[in-house]
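Enquirer: Generate coordinates for the sequence data below:
(4 chains)
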There are 2 protein chains.
Amino acid sequence: MTLDALPLHQGGAENLARLLAQALLAGHWQPGDVFPRELDIGAHFNVSRNQVRNALTSLTAAGLLERTAGRGTQVRDIGDWHLLDPLMSEWMSGLINLDPQLVSAIYAFRYSAEPVVAGLAAQAAQAEDLERLDNAFMGMEKTANSAEARADHAEYDVAFHDATYRASHNLVWRQMGHLLRPSIMALIHRSQHRTDTLDDSLARHRQVLEAIRNRDAHAAETAAREVLRRTAIDLGIVS
Amino acid sequence: MTLDALPLHQGGAENLARLLAQALLAGHWQPGDVFPRELDIGAHFNVSRNQVRNALTSLTAAGLLERTAGRGTQVRDIGDWHLLDPLMSEWMSGLINLDPQLVSAIYAFRYSAEPVVAGLAAQAAQAEDLERLDNAFMGMEKTANSAEARADHAEYDVAFHDATYRASHNLVWRQMGHLLRPSIMALIHRSQHRTDTLDDSLARHRQVLEAIRNRDAHAAETAAREVLRRTAIDLGIVS
DNA sequence: CTTGTACAAATGTCAGACATTTAATAGACT
DNA sequence: AGTCTATTAAATGTCTGACATTTGTACAAG
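Expert: Numbers count the residues shown, from 1 in each chain, chains lettered A, B, ... in the order given. Model prediction:
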């Protein structure tokens, strides 16, 4: 893999890190591949070696690369990537073509975790949490039937899940929800959205909301599982 | 707060970052305080400005600091810290006096998450996973009855939980297990360890191991919950 | 065939100058 | 007196070139 396929970069050093990270996340390099040298990267994008080093430092901190003096830079195995690193989270936002292995791993995690979170939310939710969930759900309803509001619909969908994590009133789960934001967004963007599937998705979200409002932890778990089953169908993981 | 109270630093730039981070985690600076300038830090520790900048870059990435050109470096609010950042995890290891609020939040998270993880492990564990769990458990047994092997016992305990997360064969859960390592270690160190409670703890861990070996997801969930109930008692959260 | 040496290539580090951003200050005009 | 503007100082951000250190390789001596 060479740098030629990458789009031209413009802006600060953060953009360079983002650009390279997204190429890695999309699977343009295989684990074990040697990464281009600092000077080559700098020459290709016409930036100083400093900026290249700053960008590579970020990628290394996120576990994407391994650098050793004299040997060069290598792409690390996916298992070593720091998926929960906020940097990673930021880079994944806006990225549509995720590595399929990542997509299924993130989906599997959410399928196991979100029912628990919804259950906790049913026990711990307060008035302001319910308000957040309500707003997000109403936004989803409002934007369901127009094609041009699709981006807004995705935002409300993410906001709904974020509000669920937040309603658990646990610091760790709340961080998880924040970190998963872009992943959830990516999953939503990969989903097929026809009119009938959207109606079904809305109905399942509504059941989560109602269960949390009724403080019924068991029902919330079940409903959250149903939402994710719908997601699996839309993703093409199952039919 | 000045730098004078900090121990002298020796070694690479990583040590400097660790030193400053642990000072922050110990509460030596209050949120909103201005952090010393690059040149002052460099002069105090007798290192180049480059090393200081590298260290501060790490702390900024972890959400501990906020730096703006011209204004200086500020300590961010605790709510903005990236608790799940691998860097943070590394810096927390070795710190014993965790914030009580943090302890209970982490315990609550584990109580909700680990049963699910154990269930996944029962479904997905392979031969090598069982071997890791076996080794960790046998280590726990071997070090249970001697006071001087207490540190080793804690290591095996942590290894057991890490192996459980790993056996789930999910990339995200595996990362969680890795990130929770120092937190789990801190919880173990806070626990009371008398002989009878240790026997009870061992018995409950054994049931998790057996359930995973028998591929019984439901039993694994229940057993994991029992292990954490024991932990809660040892922590003094419940009696 | 092994070992040692020299060399090349890559990342790591340093020092200094300069750029940019921000806040404070002094001064001029109304 | 008050307010706007220009200047200055202080901090972080960036660039550049040189040098240090680590690693892999080629080659020759034993």
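Enquirer: Please make it C-alpha for all contacts and neighbour counts, starting now.
Expert: OK.
Enquirer: Tell me the helices and strands packed up against the lengthiest helix in chain A.
Expert: Residue-count comparison of every helix in chain A, with assignments taken from DSSP state H, identifies helix A:100-124 as the longest. Packed against helix A:100-124 by the contact rule (3 or more CA pairs under 8 Å, 6 or more residues apart in numbering or on different chains; DSSP states H and E) you find helix A:150-167, helix A:171-190, helix A:195-213, helix A:217-235, helix B:100-124, helix B:171-190.
Enquirer: With only the CA atoms kept, save the first one in PDB.
Expert: Extracted in PDB, the C-alpha atoms of helix A:150-167 (Å, rounded to 0.1, in the frame of the first residue of the first chain):
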ATOM      1  CA  ARG A 150     -31.700  11.300   7.100                       C
ATOM      2  CA  ALA A 151     -28.600  12.900   8.700                       C
ATOM      3  CA  ASP A 152     -30.700  14.400  11.500                       C
ATOM      4  CA  HIS A 153     -32.400  11.100  12.000                       C
ATOM      5  CA  ALA A 154     -29.100   9.500  12.600                       C
ATOM      6  CA  GLU A 155     -28.200  12.200  15.100                       C
ATOM      7  CA  TYR A 156     -31.300  11.600  17.100                       C
ATOM      8  CA  ASP A 157     -30.800   7.900  17.000                       C
ATOM      9  CA  VAL A 158     -27.300   8.300  18.500                       C
ATOM     10  CA  ALA A 159     -28.600  10.800  21.000                       C
ATOM     11  CA  PHE A 160     -31.100   8.200  22.100                       C
ATOM     12  CA  HIS A 161     -28.500   5.600  22.800                       C
ATOM     13  CA  ASP A 162     -26.200   8.100  24.500                       C
ATOM     14  CA  ALA A 163     -29.000   9.100  26.700                       C
ATOM     15  CA  THR A 164     -29.600   5.500  27.700                       C
ATOM     16  CA  TYR A 165     -26.000   5.100  28.700                       C
ATOM     17  CA  ARG A 166     -26.100   8.300  30.600                       C
ATOM     18  CA  ALA A 167     -29.300   7.300  32.400                       C
END
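Enquirer: Buried residues in it, which are they?
Expert: For helix A:150-167, the neighbour count (16 or more other CA atoms under 10 Å in any protein chain shown) marks A:150, A:153-167 as buried.
Enquirer: Does chain B have contacts with that helix?
Expert: No - Helix A:150-167 stays out of contact with chain B when judged by CA under 8 Å from any CA of the partner chain, the minimum separation being 11.8 Å.
Enquirer: Can you name every helix or strand that that helix contacts?
Expert: Helices and strands touching helix A:150-167, as assessed by 3+ CA pairs under 8 Å, 6+ apart, comprise helix A:100-124, helix A:127-142, helix A:171-190.
Enquirer: quick one: the residue lying closest to A:Asp199 once chain neighbours are set aside from A:Phe109, how far?
Expert: Computed as CA to CA, 6 or more residues apart in numbering or on different chains, the closest residue to A:Asp199 that is not its neighbour in sequence is A:Ala144, at 8.0 Å. In this structure, A:Ala144 and A:Phe109 are separated by 27 Å, where distance is defined by CA to CA, to the nearest Å.
Enquirer: Look at the two and report which has more neighbours.
Expert: The residue with more neighbours, out of A:Ala144 and A:Phe109 and counting by other CA atoms under 10 Å in any protein chain shown, is A:Ala144; that gives 21 against 17.
Enquirer: Pull up the residues of chain A that are close to DNA strand D.
Expert: Taking CA under 7 Å from any atom of the strand as the criterion, the neighbours of DNA strand D within chain A are A:12-13, A:47-51, A:68-71.
Enquirer: How is chain A partitioned into domains?
Expert: Following automatic domain parsing, one finds the domains of chain A at A:13-82, A:93-235.
Enquirer: ranking the ones you listed by burial, who's on top?
Expert: Relative to the other members of these, domain A:93-235 carries the highest mean neighbour count by mean count of other CA atoms under 10 Å in any protein chain shown, namely a mean of 20.
Enquirer: Between the two ends of that one, how far is it?
Expert: Between the start and the finish of domain A:93-235 there is a gap of 18 Å, counting by CA to CA.
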